[in-house]
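> Pasting a predicted model and its sequence here:
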Amino acid sequence: MIQKTRSETVTVLVSSVGRRSQLIESFRQALSDLGVDGRVLGVDAAPEMAPAAYLVDKCFAVGRCCDPGFIDEVLRIAIEEDVCLIVPTIDTELPVYAANRQRFLEHGITVAVSDPETVRIACDKVETHRWLVENGFPTPRQGNPDEVLRSPVQWKFPLIVKPRLGSASAGIAVVKSLVALREIAEGRQGLIVQEIARGDEYTVNVFVQDGRCVCAVPHRRLETRGGEVSKGITVRDERLMQLATTIAERLPGARGALNVQCFVDADGTITIIEINARFGGGFPLANRAGAKFPLWLLEPLLGRPGTETAEWQDGLLMLRYDDAVFIPGAHSSHG
């Protein structure tokens, strides 16, 4: 635990800042609510093209998370800037941070990431499906293209095809026939096939502290863009809350912010399609509703008693809109 007094500056570092402007603002608000002087920093592989890089107090260019020196770079920056908390934001960096969490802790730096096993389950759709089935949670039938092509009569078209390790809806396609599946799968590796989940889509943001899920906030995804919710509304659905809580507490070493994505059809049947072991793109809605995950992450690091609460605002509607950052003196590489 890091013991910082009110006179010291508390520094949070958001990794792969990208477009996470609202997440940055939620940490600024948490620092303000705690009554401490604080900074929010960022790192990114391409900060010059990341809008949120211009909204943090300072942003650093680092290699990609798959680069061998990535952790060394981030650790050096974190030590030099006296960072107390690192917040990963994209799936591809989660395994790297999870594997090196102890290394950061040795320097008094906490990484807001679950244990490697939970990250492995969440980041790999084959492992997610296997774990959900083994633990008795409702999830769509899933296989690989070869399995469907060998026994097409056992599958109900249309089907969803997606990358095994993909995120943010990248590479997802709906195929309506065997011919379409054969065309999209030809020459490609690492694809999975799912039967389509029906009904309304929900995300449940959960917060796990010491193995216990202290809060679960469902929101209905009214509209999405690029795989991220653009219009959503919080819904106090006790069944979704309990199901997400059970999943979060059963995951091996879940920690901090996670989310569960699912569908609820017309007769109330719930189907889980995904687990994300990180802050979701729609988390700002849960935060504004009262689920103050950033505050709850910071409190124990500052030696403060926790204020986790299951109370949050039902029926809060979020309607996102575009904003822009304007950078003077920039030059196009294309003239």
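Arrived safely, thanks for sending. Note that the structure is predicted; figures quoted are calculated from it, not measured. Numbering: from 1, shown residues only.

> counting contacts, what elements does the host helix or strand of residue 192 pack onto?
Using DSSP states H and E, residue 192 maps to strand 191-195. Counting contacts by 3 or more CB pairs under 8 Å, 6 or more residues apart in numbering; DSSP states H and E, strand 191-195 packs against helix 125-134, strand 142-143, helix 145-150, strand 159-163, helix 178-185. All C-beta atoms are positioned from the backbone trio N, CA, C, and that covers glycine.

> Can you list the neighbours in contact with the second one?
Defining contact as CB atoms under 8 Å, 6 or more residues apart in numbering, one finds that strand 142-143 is touched by 125-126, 129, 155, 192-195.

> if we go to 7 Å?
Residues outside strand 142-143 that contact it (CB atoms under 7 Å, 6 or more residues apart in numbering) are 129, 192-194.

> partner strands of the strand holding residue 192, parallel or antiparallel?
strand 142-143 (antiparallel), strand 159-163 (antiparallel) (DSSP bridges).

> Show me which positions of the following helix or strand past that strand end up buried.
Going down the chain from strand 191-195, the next helix or strand is strand 200-209, by DSSP H and E. Buried residues in strand 200-209, counted by 16 or more other CB atoms under 10 Å: 201-209.

> Compute the mean per-residue pLDDT across strand 200-209, please.
The predicted model assigns strand 200-209 a mean pLDDT of 97.

> Can you list the strands that the next helix or strand along the chain from that strand pairs with?
The first helix or strand that comes after strand 200-209 along the chain, using DSSP H and E, is strand 212-225. Strand 212-225 pairs in its sheet with strand 200-209 (antiparallel), strand 228-234 (antiparallel), by DSSP bridges.

> Alpha carbons of the longest one, as CSV, please.
As requested, C-alpha coordinates have been extracted for strand 200-209 and formatted as CSV (Å, rounded to 0.1, in the frame of the first residue of the first chain):
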residue,chain,number,x,y,z
ASP,A,200,-31.6,-6.7,-26.5
GLU,A,201,-27.8,-6.3,-25.9
TYR,A,202,-26.5,-5.4,-22.4
THR,A,203,-23.2,-4.7,-20.8
VAL,A,204,-22.8,-5.1,-17.0
ASN,A,205,-19.9,-3.2,-15.5
VAL,A,206,-18.6,-4.9,-12.4
PHE,A,207,-16.0,-3.9,-9.7
VAL,A,208,-14.2,-6.7,-7.9
GLN,A,209,-12.3,-6.0,-4.6
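
> for the stretch 51-200 of the chain, what are the low-confidence residue spans?
For the stretch 51-200 of the chain, the stretches with pLDDT under 70 are 167-170.

> Relative to residue 74, which of the strands paired with strand 191-195 is closest?
strand 159-163 (25.8 Å; CB to CB).

> Sheet-wise, list the partners of the very next helix or strand once past that closest one with their directions.
Under the assignment DSSP H and E, the closest C-terminal helix or strand after strand 159-163 is strand 173-175. Counting by DSSP bridges, the strands paired with strand 173-175 are strand 159-163 (antiparallel).

> Residues contacting the strand it pairs with, please?
Counting by CB under 7 Å, 6+ apart, 125, 148, 171-175, 181, 184, 190-196 sit against strand 159-163.

> 8 Å instead, please
125, 145, 148, 170-175, 181, 184-185, 190-196.

> And for stretch 47-63?
The set of residues external to stretch 47-63 that reach it, using CB under 8 Å, 6+ apart, is 14, 17-21, 24, 39-46, 69-70, 73-74, 77, 81, 324-325, 327, 330.

> 6 Å instead, please
17-21, 24, 39-44, 69-70, 73, 77, 325 (CB atoms under 6 Å, 6 or more residues apart in numbering).

> Just the C-alphas of that stretch, formatted as CSV.
Output in CSV follows, covering the C-alpha atoms of stretch 47-63 (Å, rounded to 0.1, in the frame of the first residue of the first chain):
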residue,chain,number,x,y,z
PRO,A,47,0.4,9.7,-29.2
GLU,A,48,0.5,12.3,-32.0
MET,A,49,-2.6,10.7,-33.4
ALA,A,50,-4.4,9.8,-30.2
PRO,A,51,-6.9,12.5,-29.2
ALA,A,52,-6.8,11.7,-25.5
ALA,A,53,-3.0,12.2,-25.5
TYR,A,54,-3.7,15.9,-25.7
LEU,A,55,-6.1,15.8,-22.8
VAL,A,56,-3.8,14.3,-20.2
ASP,A,57,-1.2,16.3,-18.2
LYS,A,58,1.6,14.6,-20.0
CYS,A,59,1.8,11.8,-22.6
PHE,A,60,4.7,9.6,-23.5
ALA,A,61,5.4,7.6,-26.7
VAL,A,62,6.1,4.0,-26.1
GLY,A,63,6.5,0.9,-28.2
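
> That concludes my questions; thank you for your assistance.
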